[in-house]
Every structure is written in C-alpha cells, then in structure tokens.
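J.: Quick one, structure for this:
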Amino acid sequence: MSNKNKGNIALLIVAIIWGSGFIAQKMGMDSIGPYFFNGARMIIGGLALMPLVIKAARPREFFSKKLHGENVVRTRKMNLLVGSVVCGTMLGMASNLQQVGLTTVPVGRAGFIVVIYIVIVPLLGIFSGHKVGLRIWISVVMAMIGFAMLSLHGGLSGLGTGDAITLLSSLFFALQIMAVSKHVTKNNALMLSVAQMLVCGVLTLIVAFIAENTTLEMIKNALWVTLYSALIPTALAYTMQIIGQKYTNTVVASLLMSLESVFAAIFGVLILHEHMSLVEWGGCIVIFASTVVAQVQRKSPERDSVGK
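T.: Here you go, the predicted model:
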C-alpha cells in the first residue's frame with residue numbers, strides 16, 4: 001500500500017473518531033456539567049500530547065538562549081504566550097458553545113451545523129482583504145438552505161436555542177482557525193496547538209467552578225467518557241492527523257476530515273437511537289455539499305487540529 005493511501009486511511013479514521021467524539025460529549029453530560037466536561041477533556045488531551053511535543057517540537061532547543069540568543073528566545077516565548085491566549089480563548093468560546101448546544105441538540109444535527117465553519121472561514125476572509133469568489137458565495141447559500149432545512153421548523157420562530165448556540169459555535173471555530181492561521185507563522189505549530197488546548201481547559205474549568213456545582217461523585221460517573229473524549233478524539237486523532245496529512249493532498253485531507261459530520265450522524269442513529277426527518281437528512285446532505293464546494297480547488301485546508 002502506498003504512503004498516500006495510508007495517509008488517506010489515517011484521515012478517514014480521524015473523521016470516524018471525531019464523529020464518535022460527539023457521542024462522548026453528549027454522553028458525558030448525562031453525569032456532569034458541560035463546562036467541567038469540556039475543560040477536563042481539553043486539559044487531559046493537552047497533557048497527553050506533551051510527550052509528542054517534547055519529541056517532535058524539542059522545546060528545550062527551541063527556547064535555548066545558547067543556540068538562538070536571548071532576544072530571539074524572549075520573542076518566541078512572548079509569541080507563544082500571546083498566540084496560546086488568543087487561540088485558546090477562541091477555542092474555549094467555540095468548544096463550550098458546542099458543548100452547551102449538545103445539551104438540547106441531537107449529535108447528528110449538531111455535527112452538520114458545526115461543520116458550517118468550513119464555509120464561514122473563507123467568507124470571513126473579506127475582513128482581511130481576501131477576494132471571495134463565486135464558488136464561496138454558492139457554498140454560503142447552500143449552507144444557509146441546509147441549515148434552514150435542518151433547524152428552521154415553521155420559520156424563524158421554530159429555531160431552537162440549541163441550534164442557534166451550535167451555529168454560533170461554528171462561527172467561533174472559524175474565528176479560532178483564523179487566529180491560528182495568524183499566530184502559527186510566529187510559533188511552533190505543535191506547541192501552539194497544545195498550549196491553546198491547555199489555555200482553553202483552564203479558562204473553561206474556571207467557568208465550571210463558578211457556574212456549576214460539580215461533585216466527586218459526578219466526576220467519578222463521567223470519568224471514562226471524559227478520558228475517551230480527551231485521549232481518543234483529541235490526543236490520538238490529532239497524532240493520526242499529523243501523520244495522515246504528511247502524505248495526503250491538502251484538499252483530499254480537508255474533505256476526508258469533513259466526514260466527521262457524517263459519522264456523527266451515523267453514530268447518533270446507531271448508538272443514541274436519534275431520529276431525523278427526511279427534510280432534516282436533506283439539510284445534512286445540502287450542508288455537506290456546501291462544505292465540498294467551499295473546499296474544492298483550495299490550496300490548503302482551513303482546519304485547525306483541536307481534537308473536536
């Protein structure tokens with residue numbers, strides 16, 4: 001088997017794992033609040049990736065004053081601090097909104113609403129001076145139609161709070177991706193990715209301690225699903241993504257990873273016995289088609305590795 005095919009298979013597995021992550025996030029809230037669950041999975045996932053950071057990014061060498069000089073090292077530390085705070089805050093907003101949305105929204109529907117970020121990212125390029133072509137506008141219209149089919153039952157009055165919150169999380173995922181695109185040029189990508197997870201986790205746990213009444217019994221009941229969410233969709237899938245993208249065309253990689261929404265819907269039906277009407281399934285298809293249209297002929301995938 002060629003390395004390219006191995007890479008494609010690895011990214012397909014990543015999409016399957018990310019799809020299962022929606023199930024874990026939904027099940028975790030049967031025992032514990034959304035903020036504590038999200039904060040814990042981010043911190044555990046980030047810490048689990050530390051061996052990879054040490055081996056691949058070599059932080060001792062990266063921040064060595066002897067090798068690079070005091071001024072360079074000071075700049076690198078400041079860049080990592082600023083980048084991790086900005087990106088971690090955006091990641092916190094996005095992932096927490098997604099987590100809260102899942103309290104009322106079925107995972108199948110949530111998966112397809114969240115993936116709209118793929119369409120939003122190039123659209124937001126308008127504010128940074130990028131030209132938005134006809135293909136992107138077509139994908140935006142398709143995404144709006146798909147969202148209406150999926151969430152607007154009986155007009156705007158039928159829009160559920162959970163659907164609106166989940167759509168807002170998609171916007172913040174797009175903003176987070178743009179923030180990463182800006183700050184990753186000044187940082188080691190692997191260090192920045194893990195640092196933003198840890199910042200997100202710490203900020204989210206602060207919110208959890210303020211807004212939620214979490215007991216040891218609740219933590220114990222949610223332990224295994226929290227560990228799964230942290231170690232498999234976050235740490236393992238992220239590592240596999242790095243390997244897969246090394247050997248795969250960027251457009252193909254982006255399309256394969258977009259399949260997470262499809263697998264989220266499949267797992268929702270098989271594991272949680274969720275049900276969607278034919279119109280809602282039609283909305284899922286239209287949204288997925290919009291993400292394909294948005295990504296075709298793109299030079300690089302607008303995707304950050306956060307272990308969703």
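J.: hey, let's count contacts and neighbours off CA atoms from now on
T.: Fine.
J.: Show me which helix runs longest in this structure.
T.: helix 70-101 (DSSP state H).
J.: tell me what it is packed against?
T.: On a contact count with 3 or more CA pairs under 8 Å, 6 or more residues apart in numbering; DSSP states H and E, helix 70-101 meets helix 34-48, helix 107-114, helix 161-183, helix 189-211.
J.: deepest of those, which one?
T.: The highest mean neighbour count among these, using mean count of other CA atoms under 10 Å, belongs to helix 107-114: a mean of 27.
J.: which residues are in contact with that one?
T.: With contacts defined as CA atoms under 8 Å, 6 or more residues apart in numbering, helix 107-114 is touched by 19, 22-23, 26, 98, 101-102, 147, 150, 163, 166-167, 169-170, 260-262, 264-269, 274, 284, 287-288.
J.: Among these, which ones are in helices?
T.: Per DSSP H, the contacts of helix 107-114 map to helices at 19, 22-23, 26, 98, 101, 147, 150, 163, 166-167, 169-170, 260-262, 264-269, 284, 287-288.
J.: Packing partners of the worst-scoring helix or strand of the chain on mean pLDDT?
T.: Here the helix or strand of the chain ranked lowest by mean pLDDT, DSSP states H and E is helix 250-258, holding a mean of 75. If you count contacts as 3+ CA pairs under 8 Å, 6+ apart, helix 250-258 packs onto helix 3-28, helix 278-295.
J.: Tabulate these (a markdown table), appending distance to residue 43 and mean pLDDT.
T.: Output for the helices and strands packed on helix 250-258, formatted as a markdown table (distance: least, CA to CA, whole Å; pLDDT from 0 to 100):
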| stretch | distance to residue 43 | mean pLDDT |
| --- | --- | --- |
| helix 3-28 | 15 | 90 |
| helix 278-295 | 30 | 86 |
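J.: Let me know which of those is the nearest to residue 116.
T.: Proximity to residue 116 (CA to CA) singles out helix 278-295 among the helices and strands packed on helix 250-258, at 6.9 Å.
J.: how about the closest one: buried residues?
T.: 280-288, 290-295 (16 or more other CA atoms under 10 Å).
J.: what's the angle from it to helix 250-258?
T.: 160 degrees (axes from the mean of the first three to the mean of the last three CA atoms, to 10 degrees).
J.: got the CA coordinates for helix 278-295 in CSV?
T.: Provided in CSV are the C-alpha atoms of helix 278-295 (Å, rounded to 0.1, in the frame of the first residue of the first chain):
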residue,chain,number,x,y,z
LEU,A,278,-36.4,13.3,5.5
VAL,A,279,-36.2,17.1,5.3
GLU,A,280,-33.5,17.1,8.1
TRP,A,281,-31.5,14.5,6.3
GLY,A,282,-31.9,16.5,3.2
GLY,A,283,-30.5,19.5,5.1
CYS,A,284,-27.5,17.4,6.2
ILE,A,285,-26.8,16.5,2.6
VAL,A,286,-27.0,20.1,1.4
ILE,A,287,-24.7,21.3,4.2
PHE,A,288,-22.1,18.6,3.4
ALA,A,289,-22.3,19.5,-0.3
SER,A,290,-21.7,23.2,0.6
THR,A,291,-18.5,22.2,2.5
VAL,A,292,-17.3,20.2,-0.5
VAL,A,293,-18.0,23.2,-2.8
ALA,A,294,-16.1,25.5,-0.4
GLN,A,295,-13.0,23.3,-0.3
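J.: I'd like to check the angle between that helix and helix 107-114, please.
T.: 30 degrees.
J.: quick one: residue 11 and residue 260, what's the gap?
T.: Distance of residue 11 to residue 260, computed by CA to CA, to the nearest Å: 10 Å.
J.: between those two, who's got more neighbours?
T.: The residue with more neighbours, out of residue 11 and residue 260, is residue 11; 29 against 26, by other CA atoms under 10 Å.
J.: so that one touches residue 242, yeah?
T.: No - using CA atoms under 8 Å, residue 11 makes no contact with residue 242, being 9.1 Å away.
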